[in-house]
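[1] My questions concern the predicted model and sequence given below.
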Amino acid sequence: MMTLDDLSGPSNRSLLLVHGRDFKPPCDTYMDLSMAAFHAGMERDFPSQVGGFDALQKHIAWYGDLSEKILQGAGGKYDMDLDIGDRRNALNALREIKERKRFGIRQYDQLPGKSAIPEFIAGLTAPVLGSVGLAMPLLGSVAKDFAAYFDAKLDFATKVRERVRTKLCELMDRDDRIMLMTHGSGSVIAYDVLWQLSHDPNFKEQYGSKKVESWVTLGSPLGDSNVQKRLLGCKEKDDCRFPSNVISWHNVAAEDDYTCHDNTLADDFKKMLKQRFVSAVHDYRVFNLAVRYGKSNPHSSVGYYIHPRTTKIISDWLK
């Protein structure tokens with residue numbers, strides 16, 4: 001039987017990457033660093049499937065320029081060369097970890113500047129702040145581009161969703177087998193796009209029956225109740241409330257990553273299983289060993305991309 005490892009040309013499998021919030025390097029640079037992290041993880045854990053990974057069509061839904069406008073308009077500063085250099089340093093350090101079993105608590109506890117305080121505070125205060133209407137103002141003070149996504153007075157959300165939707169629809173139009181890989185707030189955007197394709201009259205007829213084979217959310221804030229109240233479809237009845245175009249959903253949450261302080265999604269979206277909108281929702285708790293600017297950064301994308309749990313999900317999909 002022929003496998004992806006046997007293919008010398010492109011496969012009909014596509015990996016679509018959706019990045020998260022904050023300033024980002026140029027699209028090509030971010031893509032190169034991200035794919036290098038995925039590739040290094042595959043070489044470490046599943047060397048026999050590196051050929052299959054290389055045969056994948058790889059795409060990114062890029063909106064870093066839109067986020068940059070929001071952040072710069074709010075007075076944010078960005079040193080691109082320093083950021084790129086630090087991302088490379090983080091990736092090179094993670095490449096030196098040659099065994100998957102070393103991505104555990106012992107190594108994590110040795111990282112400089114490791115702290116559980118941000119996650120603890122986020123988990124403790126999010127329900128309270130939401131109940132008194134302060135969650136979004138607080139979000140706007142620490143994540144202005146993510147807050148802008150929920151601001152109905154801005155067109156940021158419309159533009160960002162269009163970027164992601166356009167890329168995803170291109171792959172669906174080709175009948176590709178799709179893995180959707182989303183980091184941080186990118187998972188919220190992807191969720192809304194998936195809902196649009198499932199239920200929005202403008203897209204449902206053409207894309208309602210199309211499927212994403214595997215959706216991977218990394219460091220996702222979708223478990224936060226304040227975020228859930230602002231998702232597309234959140235006020236609809238159960239038969240139209242959730243996306244219906246994902247087969248398997250894998251959620252990876254790192255210890256001390258405050259972005260995913262509510263680190264399980266299977267409990268929040270169990271009605272998707274009851275409605276048969278998804279086949280499975282899996283939650284995984286991991287340790288992100290990335291060090292950025294000399295300090296542990298459990299939300300780092302490169303730390304998620306190279307992690308053994310992520311490579312295992314990719315490997316299982318390739319099989």
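    Done, it's in.
[2] got the contact list for the closest residue to Gly64 other than its chain neighbours?
    Closest residue in space to Gly64, ignoring its immediate chain neighbours: Lys24 at 3.7 Å, by C-beta to C-beta, 6 or more residues apart in numbering. Quick note: C-beta positions are derived from backbone N, CA and C, even for glycine. Going by C-beta atoms under 8 Å, 6 or more residues apart in numbering, Lys24 touches Tyr30, Gly64, Ser67, Glu68.
[3] and the spatially closest residue to the first one that is not a sequence neighbour, which of the three is it?
    Looking back up the chat, that one is Tyr30. In space, Tyr30 comes closest to Lys24 once its chain neighbours are excluded; the distance is 5.4 Å by C-beta to C-beta, 6+ apart. Classification of Lys24 using DSSP: H, G, I helix; E, B strand; the rest coil returns coil.
[4] and what of Ile60?
    Applying three-state DSSP: Ile60 is strand.
[5] cool, Met181 as well?
    strand.
[6] what residues are up against it?
    So Met181 contacts Leu15, Leu16, Leu17, Val18, Val216, Leu218 (C-beta under 8 Å, 6+ apart).
[7] Okay, buried residues for stretch 143-159 please.
    Of the residues in stretch 143-159, those buried under the neighbour-count criterion (16 or more other C-beta atoms under 10 Å) are Ala143, Lys144, Asp145, Phe146, Ala147, Ala148, Tyr149, Phe150, Phe156, Ala157.
[8] and the end-to-end length of it?
    18 Å (C-alpha to C-alpha, to the nearest Å).
[9] Same question for stretch 256-268.
    Taking C-alpha to C-alpha, the first and last residues of stretch 256-268 lie 20 Å apart.
[10] Likewise for stretch 95-105?
    End-to-end distance (C-alpha to C-alpha), stretch 95-105: 18 Å.
[11] which parts of that stretch are buried?
    Ile97, Arg100, Phe103.
[12] right, and out of the residues you listed, which lies closest to Asp316?
    Arg100 (14.4 Å; C-beta to C-beta).
[13] quick one: Leu15 from Asn263, how far?
    Between Leu15 and Asn263 the computed distance is 24 Å (C-beta to C-beta, to the nearest Å).
[14] Which residues in stretch 72-86 does the neighbour count mark as buried?
    Buried residues in stretch 72-86 (16+ other C-beta under 10 Å): Asp83, Ile84, Asp86.
[15] May I have the phi/psi pair for the nearest residue to Asp268 once chain neighbours are set aside?
    Nearest residue to Asp268 in three dimensions, chain neighbours excluded: Gly223, at 5.6 Å (C-beta to C-beta, 6+ apart). Backbone dihedrals for Gly223, given as degrees, to the nearest 10, come out at phi -80, psi -10.
[16] Gly208 reaches Asn245, doesn't it?
    Yes: assessed by C-beta atoms under 8 Å, Gly208 is found in contact with Asn245 at 7.4 Å.
[17] of those two, who's got more company?
    Asn245 (22 against 14; other C-beta atoms under 10 Å).
[18] Would you state the secondary structure element containing the closest residue to Tyr149 other than its chain neighbours?
    Closest residue in space to Tyr149, ignoring its immediate chain neighbours: Ala157 at 4.9 Å, by C-beta to C-beta, 6+ apart. Taking DSSP states H and E as the definition, Ala157 sits inside helix 156-173.
[19] How much space separates Val216 from Gly186?
    11 Å.
[20] which parts of stretch 203-218 are buried?
    In stretch 203-218, counting by 16+ other C-beta under 10 Å, buried: Phe203, Tyr207, Lys210, Val212, Glu213, Ser214, Trp215, Val216, Thr217, Leu218.
[21] check contacts around the first one.
    Taking C-beta under 8 Å, 6+ apart as the definition of contact, the neighbours of Phe203 are Arg165, Cys169, Gln196, Leu197.
[22] per-residue confidence at the last one?
    Going back to what we said before, that points to Leu197. pLDDT, Leu197: 98.
[23] Could you do the one 10 residues further on as well?
    For Tyr207, the pLDDT comes out at 97.
[24] Would you mind confirming that it is in contact with Cys169?
    Yes: counting by C-beta under 8 Å, Cys169 is a contact partner of Tyr207 at 6.3 Å.
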